[in-house]
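Q: fold the following, please.
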Amino acid sequence: MTKRQQQIQKYIMHTNTLLMGVGYFMLIPILGNFVVNVQGLAASLLGYITGVRFLSQDMASIFCGVLADKIGNKKGMLIGAAIRGSGMFLFGFMTDFVGYMFASFFVGLGGALFMPSCYGYYDMMATKETRASLFTMRETLNNFGSIVGPMVGGLMYQWMDFQAVCFTAATVYAIAITVTAILLPALKEKESAKLSERQSFLDTAKVCLKNKEYLIFLMITGFITGVTMQIDTTIPVRISLIDPDYPNVSMIYTIAAIIGVVIQYPLIRYISPRIKHMKSLAISCVILCGGLVMAGWANQIWMLYVGTMIFTFGKMIYQPIRNLQVTEFAEPGKMSSYYGFQGISFTLGTVMASFVTGWMYDVIDRPGLTYLPWLFWCSISLICAAAFIALYKYSQKNKEKHHA
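A: You can find the predicted model right below:
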(Lines give C-alpha, C1' and ligand atoms only; values in the text may rest on other atoms or scores of the structure.)
Protein backbone atom coordinates (compact mmCIF):
# COMPACT_ATOMS: atom_id res chain seq x y z
CA MET A 1 0.00 0.00 0.00
CA THR A 2 1.43 3.38 -1.04
CA LYS A 3 1.71 6.35 1.31
CA ARG A 4 -1.10 8.10 -0.57
CA GLN A 5 -3.36 5.07 -0.18
CA GLN A 6 -2.58 4.96 3.54
CA GLN A 7 -3.55 8.64 3.85
CA ILE A 8 -6.83 8.02 2.00
CA GLN A 9 -7.51 5.02 4.25
CA LYS A 10 -6.93 7.16 7.33
CA TYR A 11 -9.30 9.90 6.10
CA ILE A 12 -12.00 7.33 5.33
CA MET A 13 -11.76 5.93 8.87
CA HIS A 14 -11.88 9.42 10.36
CA THR A 15 -14.93 10.21 8.21
CA ASN A 16 -16.67 7.06 9.43
CA THR A 17 -15.88 7.93 13.05
CA LEU A 18 -17.36 11.41 12.61
CA LEU A 19 -20.48 10.12 10.81
CA MET A 20 -21.15 7.49 13.48
CA GLY A 21 -20.63 10.05 16.24
CA VAL A 22 -23.01 12.57 14.65
CA GLY A 23 -25.62 9.90 13.88
CA TYR A 24 -25.57 8.51 17.42
CA PHE A 25 -25.69 11.87 19.20
CA MET A 26 -28.43 13.19 16.90
CA LEU A 27 -30.85 10.78 18.53
CA ILE A 28 -29.72 9.73 21.99
CA PRO A 29 -29.78 13.13 23.79
CA ILE A 30 -33.39 13.88 22.70
CA LEU A 31 -34.64 10.34 23.29
CA GLY A 32 -35.10 10.88 27.02
CA ASN A 33 -37.06 14.10 26.59
CA PHE A 34 -39.33 12.49 23.97
CA VAL A 35 -39.98 9.31 25.96
CA VAL A 36 -40.77 11.13 29.22
CA ASN A 37 -42.34 14.43 28.18
CA VAL A 38 -44.10 13.41 24.95
CA GLN A 39 -44.87 9.70 25.35
CA GLY A 40 -45.52 10.08 29.06
CA LEU A 41 -43.32 7.24 30.34
CA ALA A 42 -42.05 7.44 33.92
CA ALA A 43 -38.48 8.60 34.48
CA SER A 44 -37.72 5.23 36.08
CA LEU A 45 -38.69 3.48 32.83
CA LEU A 46 -36.34 5.79 30.93
CA GLY A 47 -33.62 4.54 33.30
CA TYR A 48 -34.33 0.97 32.20
CA ILE A 49 -34.28 1.95 28.51
CA THR A 50 -30.92 3.68 28.97
CA GLY A 51 -29.58 0.87 31.12
CA VAL A 52 -30.33 -1.87 28.60
CA ARG A 53 -28.36 0.07 25.98
CA PHE A 54 -25.31 0.34 28.22
CA LEU A 55 -25.50 -3.24 29.47
CA SER A 56 -26.07 -4.79 26.04
CA GLN A 57 -23.07 -2.89 24.71
CA ASP A 58 -20.69 -3.48 27.61
CA MET A 59 -21.61 -7.12 28.24
CA ALA A 60 -21.78 -8.17 24.60
CA SER A 61 -18.50 -6.42 23.76
CA ILE A 62 -16.66 -9.25 25.55
CA PHE A 63 -17.90 -11.71 22.92
CA CYS A 64 -18.06 -9.26 20.02
CA GLY A 65 -14.41 -8.28 20.40
CA VAL A 66 -13.41 -11.92 19.92
CA LEU A 67 -15.81 -12.19 16.97
CA ALA A 68 -14.23 -9.14 15.34
CA ASP A 69 -10.79 -10.77 15.53
CA LYS A 70 -12.20 -13.88 13.86
CA ILE A 71 -14.18 -12.29 11.01
CA GLY A 72 -11.96 -9.23 10.50
CA ASN A 73 -12.38 -5.67 11.73
CA LYS A 74 -13.94 -4.34 8.53
CA LYS A 75 -16.74 -6.93 8.65
CA GLY A 76 -17.15 -6.24 12.36
CA MET A 77 -17.59 -2.52 11.71
CA LEU A 78 -20.10 -3.15 8.90
CA ILE A 79 -22.25 -5.62 10.85
CA GLY A 80 -22.08 -3.58 14.06
CA ALA A 81 -23.02 -0.33 12.33
CA ALA A 82 -25.90 -2.10 10.53
CA ILE A 83 -27.27 -3.42 13.86
CA ARG A 84 -26.97 -0.03 15.57
CA GLY A 85 -28.51 1.78 12.60
CA SER A 86 -31.40 -0.71 12.63
CA GLY A 87 -31.99 0.06 16.31
CA MET A 88 -32.15 3.79 15.57
CA PHE A 89 -34.56 3.13 12.71
CA LEU A 90 -36.77 1.03 15.02
CA PHE A 91 -37.02 3.88 17.55
CA GLY A 92 -39.04 5.78 14.95
CA PHE A 93 -41.77 3.10 14.95
CA MET A 94 -41.98 2.28 18.66
CA THR A 95 -44.67 3.74 20.91
CA ASP A 96 -44.41 1.78 24.19
CA PHE A 97 -41.89 0.75 26.83
CA VAL A 98 -41.26 -2.74 25.44
CA GLY A 99 -40.63 -1.35 21.97
CA TYR A 100 -38.14 1.23 23.24
CA MET A 101 -36.34 -1.46 25.23
CA PHE A 102 -36.12 -3.60 22.08
CA ALA A 103 -34.70 -0.76 19.96
CA SER A 104 -32.30 0.28 22.72
CA PHE A 105 -30.96 -3.25 22.96
CA PHE A 106 -30.05 -3.24 19.25
CA VAL A 107 -28.37 0.17 19.53
CA GLY A 108 -26.18 -1.19 22.33
CA LEU A 109 -25.52 -4.52 20.64
CA GLY A 110 -24.36 -2.81 17.44
CA GLY A 111 -21.93 -0.68 19.44
CA ALA A 112 -20.60 -3.80 21.13
CA LEU A 113 -19.37 -5.08 17.75
CA PHE A 114 -18.31 -2.01 15.83
CA MET A 115 -16.48 -0.25 18.70
CA PRO A 116 -13.86 -3.02 19.28
CA SER A 117 -13.68 -3.49 15.50
CA CYS A 118 -13.06 0.22 15.00
CA TYR A 119 -10.28 0.33 17.60
CA GLY A 120 -8.78 -2.84 16.16
CA TYR A 121 -8.77 -1.36 12.65
CA TYR A 122 -7.14 1.86 13.87
CA ASP A 123 -4.47 -0.22 15.59
CA MET A 124 -3.75 -2.15 12.38
CA MET A 125 -3.37 1.13 10.48
CA ALA A 126 -1.05 2.60 13.10
CA THR A 127 2.69 2.53 13.43
CA LYS A 128 4.51 3.17 16.68
CA GLU A 129 4.95 6.81 15.63
CA THR A 130 1.35 7.43 14.50
CA ARG A 131 -0.61 5.39 17.08
CA ALA A 132 -1.12 8.23 19.55
CA SER A 133 -2.24 10.73 16.90
CA LEU A 134 -4.65 8.25 15.26
CA PHE A 135 -6.34 7.22 18.50
CA THR A 136 -6.53 10.80 19.75
CA MET A 137 -8.04 12.01 16.49
CA ARG A 138 -10.64 9.25 16.80
CA GLU A 139 -11.64 10.49 20.27
CA THR A 140 -11.61 14.12 19.10
CA LEU A 141 -13.88 13.39 16.13
CA ASN A 142 -16.26 11.42 18.34
CA ASN A 143 -16.37 14.36 20.76
CA PHE A 144 -17.02 16.69 17.83
CA GLY A 145 -19.92 14.44 16.87
CA SER A 146 -21.25 14.79 20.42
CA ILE A 147 -21.46 18.56 19.86
CA VAL A 148 -22.75 18.66 16.26
CA GLY A 149 -25.12 15.70 16.63
CA PRO A 150 -27.38 17.19 19.34
CA MET A 151 -27.52 20.51 17.48
CA VAL A 152 -28.66 18.84 14.24
CA GLY A 153 -31.01 16.46 16.05
CA GLY A 154 -32.49 19.26 18.13
CA LEU A 155 -33.21 21.44 15.09
CA MET A 156 -34.78 18.54 13.21
CA TYR A 157 -36.92 17.68 16.22
CA GLN A 158 -38.19 21.27 16.42
CA TRP A 159 -38.82 21.65 12.68
CA MET A 160 -40.09 18.12 11.98
CA ASP A 161 -40.61 15.34 14.52
CA PHE A 162 -38.93 12.56 16.50
CA GLN A 163 -39.51 10.01 13.75
CA ALA A 164 -37.60 12.16 11.26
CA VAL A 165 -34.64 12.32 13.65
CA CYS A 166 -34.61 8.52 13.99
CA PHE A 167 -34.72 7.94 10.24
CA THR A 168 -32.03 10.56 9.57
CA ALA A 169 -29.72 9.07 12.22
CA ALA A 170 -30.21 5.63 10.63
CA THR A 171 -29.48 7.15 7.20
CA VAL A 172 -26.20 8.61 8.49
CA TYR A 173 -25.20 5.12 9.59
CA ALA A 174 -26.23 3.74 6.20
CA ILE A 175 -23.89 6.26 4.54
CA ALA A 176 -21.05 5.23 6.85
CA ILE A 177 -21.70 1.56 6.05
CA THR A 178 -21.63 2.28 2.31
CA VAL A 179 -18.37 4.23 2.55
CA THR A 180 -16.80 1.44 4.62
CA ALA A 181 -17.98 -1.35 2.33
CA ILE A 182 -16.82 0.30 -0.91
CA LEU A 183 -13.73 2.32 -0.02
CA LEU A 184 -12.11 0.77 3.06
CA PRO A 185 -9.74 -2.18 2.51
CA ALA A 186 -9.92 -5.23 4.78
CA LEU A 187 -6.76 -5.32 6.90
CA LYS A 188 -5.49 -8.45 8.61
CA GLU A 189 -2.39 -9.39 10.50
CA LYS A 190 -1.22 -12.50 8.66
CA GLU A 191 -0.05 -15.21 11.06
CA SER A 192 -1.67 -13.89 14.22
CA ALA A 193 -5.02 -13.44 12.45
CA LYS A 194 -4.93 -17.05 11.24
CA LEU A 195 -4.23 -18.22 14.78
CA SER A 196 -7.11 -16.09 16.10
CA GLU A 197 -9.49 -17.60 13.53
CA ARG A 198 -8.62 -21.12 14.71
CA GLN A 199 -9.05 -20.39 18.41
CA SER A 200 -12.40 -20.65 20.18
CA PHE A 201 -13.86 -17.91 22.34
CA LEU A 202 -12.69 -19.75 25.48
CA ASP A 203 -9.14 -20.01 24.12
CA THR A 204 -9.05 -16.29 23.43
CA ALA A 205 -10.63 -15.49 26.80
CA LYS A 206 -7.97 -17.54 28.58
CA VAL A 207 -5.21 -15.60 26.82
CA CYS A 208 -6.73 -12.28 27.89
CA LEU A 209 -7.47 -13.39 31.45
CA LYS A 210 -3.97 -14.85 31.98
CA ASN A 211 -2.52 -11.38 31.53
CA LYS A 212 -2.30 -10.32 35.18
CA GLU A 213 -1.28 -6.75 34.42
CA TYR A 214 -4.26 -6.38 32.08
CA LEU A 215 -6.65 -7.73 34.73
CA ILE A 216 -5.34 -5.26 37.32
CA PHE A 217 -5.69 -2.53 34.70
CA LEU A 218 -9.34 -3.53 34.11
CA MET A 219 -10.01 -3.40 37.84
CA ILE A 220 -8.63 0.13 38.12
CA THR A 221 -10.44 1.39 35.02
CA GLY A 222 -13.67 -0.08 36.39
CA PHE A 223 -13.44 2.26 39.37
CA ILE A 224 -12.49 5.19 37.13
CA THR A 225 -15.59 4.47 35.03
CA GLY A 226 -17.54 5.22 38.19
CA VAL A 227 -15.59 8.44 38.74
CA THR A 228 -16.18 9.71 35.18
CA MET A 229 -19.95 9.31 35.63
CA GLN A 230 -20.09 11.70 38.59
CA ILE A 231 -20.08 15.04 36.79
CA ASP A 232 -23.45 14.24 35.18
CA THR A 233 -25.10 13.97 38.60
CA THR A 234 -22.99 16.66 40.28
CA ILE A 235 -24.07 19.46 37.92
CA PRO A 236 -27.86 19.17 38.43
CA VAL A 237 -27.47 18.57 42.18
CA ARG A 238 -25.27 21.63 42.73
CA ILE A 239 -27.42 23.76 40.39
CA SER A 240 -30.48 22.90 42.49
CA LEU A 241 -28.66 24.18 45.58
CA ILE A 242 -27.01 27.27 44.03
CA ASP A 243 -29.71 28.55 41.66
CA PRO A 244 -32.62 26.24 40.79
CA ASP A 245 -33.84 28.71 38.12
CA TYR A 246 -30.51 28.94 36.30
CA PRO A 247 -31.51 28.77 32.59
CA ASN A 248 -28.24 27.84 30.87
CA VAL A 249 -27.39 24.44 32.34
CA SER A 250 -26.68 22.99 28.89
CA MET A 251 -24.02 25.67 28.35
CA ILE A 252 -21.88 24.07 31.06
CA TYR A 253 -21.72 20.83 29.08
CA THR A 254 -21.35 22.58 25.71
CA ILE A 255 -18.41 24.80 26.72
CA ALA A 256 -16.61 21.86 28.32
CA ALA A 257 -17.16 19.74 25.19
CA ILE A 258 -15.89 22.48 22.86
CA ILE A 259 -12.75 22.93 24.96
CA GLY A 260 -12.24 19.16 24.79
CA VAL A 261 -12.49 19.11 20.99
CA VAL A 262 -10.05 22.01 20.57
CA ILE A 263 -7.41 20.91 23.07
CA GLN A 264 -7.47 17.10 23.14
CA TYR A 265 -5.64 16.29 19.91
CA PRO A 266 -2.59 18.57 20.38
CA LEU A 267 -2.48 17.74 24.10
CA ILE A 268 -2.27 13.95 23.62
CA ARG A 269 0.18 14.30 20.74
CA TYR A 270 2.41 16.27 23.09
CA ILE A 271 2.25 14.12 26.22
CA SER A 272 2.06 10.63 24.66
CA PRO A 273 5.70 10.37 23.57
CA ARG A 274 6.97 12.22 26.65
CA ILE A 275 5.13 10.58 29.58
CA LYS A 276 4.57 6.87 30.11
CA HIS A 277 0.92 5.91 29.62
CA MET A 278 0.43 4.64 33.18
CA LYS A 279 1.82 7.88 34.58
CA SER A 280 -0.45 9.89 32.28
CA LEU A 281 -3.43 7.89 33.55
CA ALA A 282 -2.38 8.62 37.14
CA ILE A 283 -2.15 12.34 36.32
CA SER A 284 -5.60 12.24 34.71
CA CYS A 285 -7.03 10.70 37.90
CA VAL A 286 -5.63 13.55 39.99
CA ILE A 287 -7.11 16.09 37.56
CA LEU A 288 -10.50 14.32 37.69
CA CYS A 289 -10.33 14.57 41.47
CA GLY A 290 -9.53 18.29 41.26
CA GLY A 291 -12.47 18.95 38.96
CA LEU A 292 -14.83 16.97 41.19
CA VAL A 293 -13.64 18.89 44.26
CA MET A 294 -14.33 22.23 42.57
CA ALA A 295 -17.73 21.16 41.19
CA GLY A 296 -18.84 19.17 44.26
CA TRP A 297 -18.12 21.97 46.70
CA ALA A 298 -19.30 24.74 44.34
CA ASN A 299 -21.43 27.43 45.96
CA GLN A 300 -21.39 29.74 42.93
CA ILE A 301 -22.16 29.07 39.26
CA TRP A 302 -18.67 30.06 38.06
CA MET A 303 -17.14 27.40 40.32
CA LEU A 304 -19.34 24.79 38.64
CA TYR A 305 -18.13 25.92 35.21
CA VAL A 306 -14.48 25.77 36.28
CA GLY A 307 -14.89 22.40 38.00
CA THR A 308 -16.56 20.90 34.93
CA MET A 309 -13.79 22.20 32.66
CA ILE A 310 -11.08 20.75 34.92
CA PHE A 311 -12.95 17.45 35.05
CA THR A 312 -13.27 17.45 31.24
CA PHE A 313 -9.53 18.12 30.96
CA GLY A 314 -8.89 14.96 33.01
CA LYS A 315 -11.23 12.91 30.78
CA MET A 316 -9.47 14.27 27.67
CA ILE A 317 -6.24 12.68 28.89
CA TYR A 318 -7.76 9.54 30.39
CA GLN A 319 -9.87 8.21 27.50
CA PRO A 320 -7.35 8.12 24.61
CA ILE A 321 -4.42 7.14 26.85
CA ARG A 322 -6.47 4.27 28.31
CA ASN A 323 -7.04 2.94 24.78
CA LEU A 324 -3.37 3.36 23.89
CA GLN A 325 -2.42 1.39 26.99
CA VAL A 326 -4.66 -1.49 25.90
CA THR A 327 -2.66 -1.78 22.66
CA GLU A 328 0.45 -2.40 24.77
CA PHE A 329 -1.22 -5.27 26.64
CA ALA A 330 -2.71 -7.01 23.60
CA GLU A 331 -1.08 -9.87 21.72
CA PRO A 332 -0.98 -9.60 17.90
CA GLY A 333 -4.25 -10.67 16.29
CA LYS A 334 -6.26 -10.17 19.50
CA MET A 335 -6.51 -6.39 19.60
CA SER A 336 -10.31 -6.30 19.23
CA SER A 337 -10.65 -9.01 21.90
CA TYR A 338 -8.71 -6.92 24.39
CA TYR A 339 -10.84 -3.87 23.62
CA GLY A 340 -13.95 -6.01 23.94
CA PHE A 341 -12.91 -7.32 27.35
CA GLN A 342 -12.89 -3.74 28.62
CA GLY A 343 -16.65 -4.16 28.66
CA ILE A 344 -16.24 -6.14 31.89
CA SER A 345 -14.75 -3.18 33.71
CA PHE A 346 -17.20 -0.69 32.13
CA THR A 347 -20.19 -2.81 33.16
CA LEU A 348 -19.02 -3.42 36.72
CA GLY A 349 -17.99 0.22 37.10
CA THR A 350 -21.34 1.48 35.82
CA VAL A 351 -23.41 -0.86 38.00
CA MET A 352 -21.30 -0.21 41.09
CA ALA A 353 -21.37 3.56 40.60
CA SER A 354 -25.13 3.62 40.00
CA PHE A 355 -25.98 1.76 43.22
CA VAL A 356 -23.36 3.40 45.44
CA THR A 357 -23.98 6.94 44.19
CA GLY A 358 -27.75 6.51 44.39
CA TRP A 359 -27.48 5.46 48.04
CA MET A 360 -25.13 8.32 48.89
CA TYR A 361 -27.42 10.94 47.34
CA ASP A 362 -30.27 9.50 49.41
CA VAL A 363 -28.37 10.20 52.66
CA ILE A 364 -26.67 13.55 51.93
CA ASP A 365 -29.42 15.38 53.86
CA ARG A 366 -28.27 13.69 57.07
CA PRO A 367 -25.94 15.62 59.40
CA GLY A 368 -22.27 15.28 58.47
CA LEU A 369 -22.98 13.55 55.14
CA THR A 370 -23.60 16.61 52.94
CA TYR A 371 -20.50 16.05 50.80
CA LEU A 372 -20.31 12.25 51.07
CA PRO A 373 -20.58 11.48 47.29
CA TRP A 374 -17.75 13.83 46.37
CA LEU A 375 -15.52 12.78 49.27
CA PHE A 376 -15.98 9.13 48.28
CA TRP A 377 -15.35 9.53 44.54
CA CYS A 378 -12.44 11.95 45.00
CA SER A 379 -10.85 9.38 47.30
CA ILE A 380 -11.44 6.62 44.72
CA SER A 381 -9.83 8.78 42.05
CA LEU A 382 -6.69 9.39 44.12
CA ILE A 383 -6.47 5.69 45.06
CA CYS A 384 -6.66 4.82 41.36
CA ALA A 385 -3.88 7.31 40.61
CA ALA A 386 -1.67 5.52 43.14
CA ALA A 387 -2.76 2.15 41.70
CA PHE A 388 -1.69 3.16 38.17
CA ILE A 389 1.76 4.16 39.48
CA ALA A 390 2.04 0.87 41.38
CA LEU A 391 1.02 -1.08 38.25
CA TYR A 392 3.64 0.79 36.23
CA LYS A 393 6.36 -0.16 38.72
CA TYR A 394 5.14 -3.76 38.79
CA SER A 395 5.24 -3.86 34.99
CA GLN A 396 8.77 -2.44 34.90
CA LYS A 397 9.98 -5.09 37.36
CA ASN A 398 8.45 -7.84 35.23
CA LYS A 399 10.18 -6.48 32.13
CA GLU A 400 13.52 -6.37 33.94
CA LYS A 401 13.08 -10.00 35.06
CA HIS A 402 12.15 -11.01 31.53
CA HIS A 403 15.25 -9.37 30.05
CA ALA A 404 17.56 -10.61 32.82
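
Q: would you map the helices across the stretch 101-250 of the chain?
A: For the stretch 101-250 of the chain, applying DSSP state H, counting those that start in this stretch gives helices covering 131-159, 162-183, 190-198, 201-209, 212-228, 230-242, 249-271.

Q: residues contacting the last one, please?
A: Pointing back at helix 249-271 there. Identification of contacts with helix 249-271 by Cβ atoms under 8 Å, 6 or more residues apart in numbering yields 132-133, 135-137, 139-140, 143-144, 146-147, 235-236, 239, 280, 304-305, 308-309, 311-313, 315-317, 320-321. Yep, even glycine has a C-beta here, placed from its N, CA and C like the rest.

Q: just the buried members of these?
A: The neighbour count (16 or more other Cβ atoms under 10 Å) marks 132-133, 135-137, 139-140, 143-144, 146-147, 235, 239, 280, 304-305, 308-309, 311-313, 315-317, 320-321 as buried among the contacts of helix 249-271.

Q: and the helices of the stretch 101-250 of the chain: which comes nearest G99?
A: G99 lies closest, by Cβ to Cβ, to one member of the helices of the stretch 101-250 of the chain: helix 162-183, at 12.1 Å.

Q: show me what contacts K276?
A: Y392.

Q: let me see the contact set for F329.
A: Neighbours of F329 in contact, by Cβ under 8 Å, 6+ apart: N211, E213, Y214, F217, Y338.

Q: name the element the residue nearest to P150 when sequence neighbours are not counted belongs to?
A: Counting by Cβ to Cβ, 6 or more residues apart in numbering, P150 lies nearest to P29, which is 4.6 Å off, once chain neighbours are set aside. According to DSSP states H and E, P29 maps onto helix 3-33.

Q: what about that helix, average pLDDT?
A: Mean pLDDT, helix 3-33: 87.

Q: so what does the next helix or strand after it touch, helix or strand wise?
A: Helices and strands here follow DSSP H and E; after helix 3-33, the next one along the chain is helix 43-71. Counting contacts by 3 or more Cβ pairs under 8 Å, 6 or more residues apart in numbering; DSSP states H and E, helix 43-71 is packed against helix 3-33, helix 73-91, helix 97-125, helix 190-198, helix 201-209, helix 335-363.

Q: what's the closest of the ones you listed to T228?
A: Judged by Cβ to Cβ, the one of those that comes nearest to T228 is helix 335-363, at 8.6 Å.

Q: the residue most central in space within the chain - nearest residue in space that isn't next to it in sequence?
A: Nearest to the geometric centre of the chain sits Q319, at 7.5 Å (Cα atoms, centre = their mean). Once flanking residues are discounted, Q319 sits nearest to E139: 5.6 Å by Cβ to Cβ, 6+ apart.

Q: coming back round to it: nearest to G154, of the helices and strands packed on helix 43-71?
A: Closest to G154 of the helices and strands packed on helix 43-71, according to Cβ to Cβ: helix 3-33, at 6.4 Å.

Q: that closest one packs against which elements?
A: Short answer (3+ Cβ pairs under 8 Å, 6+ apart): helix 3-33 packs on helix 43-71, helix 73-91, helix 97-125, helix 131-159, helix 162-183.

Q: which stretch among those comes nearest S379?
A: helix 43-71 (24.7 Å).

Q: per-residue confidence at D203?
A: As predicted, D203 sits at a pLDDT of 65.

Q: neighbours of K393, how many?
A: For K393, the count of nearby residues is 11 (other Cβ atoms under 10 Å).

Q: that one: helix or strand, and which one exactly?
A: Assigned by DSSP H and E, K393 falls within helix 372-403.

Q: what's the separation between D123 and T327?
A: Plainly put, D123 is 5 Å away from T327 if you go by Cβ to Cβ, to the nearest Å.

Q: next up, the contacts around Y339.
A: S61, G65, M115, P116, Y119, G120, N323, V326, A330.

Q: residues contacting the fifth one?
A: This points to Y119. F135, R138, N323, V326, M335, S336, Y339.

Q: next, format the residues you listed as JSON lines and append pLDDT.
A: Output for those, formatted as JSON lines (pLDDT from 0 to 100):
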{"residue": "F135", "pLDDT": "83"}
{"residue": "R138", "pLDDT": "87"}
{"residue": "N323", "pLDDT": "86"}
{"residue": "V326", "pLDDT": "88"}
{"residue": "M335", "pLDDT": "75"}
{"residue": "S336", "pLDDT": "77"}
{"residue": "Y339", "pLDDT": "80"}
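
Q: Serialize these to CSV and add fields for distance to K3.
A: Formatted as CSV, these follow (distance: Cβ to Cβ, whole Å):
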residue, distance to K3
F135, 20
R138, 20
N323, 25
V326, 27
M335, 23
S336, 26
Y339, 27
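
Q: how about the nearest residue to L19, chain neighbours excluded?
A: Among residues not flanking L19 along the chain, A176 sits closest, at 4.2 Å (Cβ to Cβ, 6+ apart).

Q: low pLDDT regions in the stretch 151-300 of the chain?
A: Within the stretch 151-300 of the chain, the set of residues satisfying pLDDT under 70 comprises 188-205, 250.

Q: for Y305, which non-adjacent residue is spatially closest?
A: Excluding its sequence neighbours, the residue lying closest to Y305 (Cβ to Cβ, 6+ apart) is I252, at 5.9 Å.

Q: gap between that neighbour and T228?
A: 16 Å.

Q: mind listing what V107 touches?
A: Taking Cβ under 8 Å, 6+ apart, we find V107 in contact with R53, R84, G87, M88, F91.

Q: and A295, how far from I235?
A: Distance from A295 to I235, by Cβ to Cβ: 7 Å.

Q: just to revisit the earlier point, for the residue nearest to the centre of the chain, which three-state class applies?
A: Following DSSP: H, G, I helix; E, B strand; the rest coil, the label given to Q319 is helix.

Q: hang on, T312 packs against G291?
A: Yes: between T312 and G291 there is a contact under Cβ atoms under 8 Å: 7.3 Å.
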